[in-house]
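> using only what follows, build the 3D model:
(one chain, ligands or ions: 1)
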Amino acid sequence: MIPLVDLKGEYNLLKEEIQNAIHNVLQSGSYILGEKGRELEQKIASLTGTSYAAGVANGTDALILSLEALGIGHGDEVITTPFTFFATAEAISSVGAIPVFVDIDSITYNLNPNLIEQCITDRTKAIMVVHLFGQPADMDAIRKVASEFNLKVIEDACQTIHSTYKGKSIGSFGDISCFSFYPSKNLGAYGDGGMIVTNDNTLYERILLLRNHGSLEKYKHRFIGYNSRLDEVQAAILLVKLKMITEWIDRRKDLAKRYTAKLSEFVGTPTIELDREHTFHQYCIKLKNRDGLVVYLKEKGIATAIYYPIPLHLMEAYHSLYYKKGDFPIAENTANSIMALPIFPTMTLKQQDYVISSLMEFIGNQK
Ligand SMILES: Cc1ncc(COP(=O)(O)O)c(C=O)c1O
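Next comes the predicted model:
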């Protein structure tokens, strides 16, 4: 079986170092908000070229705390994409705000900046931009409309660590930006984890309070917060894995290049915009008979996945927002035709060739 990702394979490469790192934390007696967490925060701030980073419990909390820190809440509107993981919009709803969906660009699958302005009302407070699959969104255009209408920008960079747009790191464009360390992410923990980065000292200080019950000093609570901290074991594991980030992303890029060279004539392959670096958290293709290919590859022992089969405006959870089929044609068409192929740093060329030849067989059988 060729998996979609091979987390055990990655672990085996780093086994000794990771076991030592975990052991050292267990021996230290400090398990939450300690030295490892602080070291990771410094390294992520430096990787993303931002001034401040704060570890939190997961990427969803990173989004929720960021919205709260910006003062976004009940009745406010936040513009976002309908083609993303549910947590993006869920975070907006969690703080009592309303997600306002805008269709995506058909090439990058990210928010189409040209469609934002027509959705702005006097309740709009922010744009939550997602960099999907490792491909940065068009940040110049998004920041332009945000500054024209005095909106905050929150980057949902949960899938896109260590990517760049015009040479600058993703995470450094938003007023505040969020990363996830969910195990399958390009930088994944062995449990949940997340990080918020910002250049704004006031927002950073609010996040430090929000993640710790509204408190910095024991038993002095300034407001109602959350219990959302990145624990020391996960931070220590992430510090080991962080050393591999460039090498492993380069490997993803090489594999993606190879897929595209062999497949672009036959199926829709990802386009890398000239001014951006795509880190291929997912390698997604588009084709008409997507469902047939999923079944065919499964029979050949190749795992695939569909990210995402239902755009958020058509999710049951959002029936109350009264969107309907046809509202966002590009997102809907993409949801019906997209699928992810296996891509992971330990993937061998032999494994990839098998995926490619199986896919070509399917295409040949369709003719
Ligand atoms: C785009 C996006 N936003 C938010 C999240 C939420 O992150 P987490 O699973 O760490 O809560 C994820 C990942 O799962 C994601 O892919």
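> what about the nearest residue to A69 once chain neighbours are set aside, which SS state?
Leaving out its chain neighbours, the residue that sits closest to A69 by Cβ to Cβ, 6 or more residues apart in numbering is R206, at 4.2 Å. All C-beta atoms are positioned from the backbone trio N, CA, C, and that covers glycine. Put simply, R206 is helix when judged by DSSP: H, G, I helix; E, B strand; the rest coil.
> closest residue of the stretch 251-367 of the chain to the ligand?
The nearest approach of the stretch 251-367 of the chain to the ligand comes at H281, 8.1 Å away (Cβ to the nearest ligand atom).
> that residue touches H131, doesn't it?
No. Between H281 and H131 no contact is recorded; they are 9.2 Å apart, counting by Cβ atoms under 8 Å.
> need the overlap of contacts for these two.
Shared contacts of H281 and H131 (Cβ atoms under 8 Å, 6 or more residues apart in numbering): Q159, T160.
> helix or strand: which one has the nearest residue to T50 once chain neighbours are set aside?
With Cβ to Cβ, 6+ apart as the criterion, T50 has its nearest non-adjacent residue at 4.1 Å, and that residue is V197. Per DSSP states H and E, V197 falls inside strand 194-198.
> from D254, how far out is G9?
The gap separating G9 from D254 is 17 Å, by Cβ to Cβ, to the nearest Å.
> just to revisit the earlier point, ok, the residue nearest to T50 touching I170?
No. Here V197 does not reach I170: they are 10.0 Å apart, not a contact under Cβ under 8 Å.
> what is in contact with the two at once?
Counting by Cβ under 8 Å, 6+ apart, the contacts common to V197 and I170 are T48, S177.
> helix or strand for the residue nearest to L47 when sequence neighbours are not counted, just tell me which one.
The shortest distance from L47 to any non-neighbouring residue, by Cβ to Cβ, 6+ apart, is to H162 (6.4 Å). Counting by DSSP H and E, no helix or strand carries H162.
> ok, H162 - contacts?
So H162 contacts L47, S169, I170, N186, L187, I245, T246, I249, T279 (Cβ under 8 Å, 6+ apart).
> at 10 Å instead, please
If you count contacts by Cβ atoms under 10 Å, 6 or more residues apart in numbering, H162 has them with 44, 47-48, 134, 169-171, 179, 186-187, 242, 245-246, 248-249, 277, 279.
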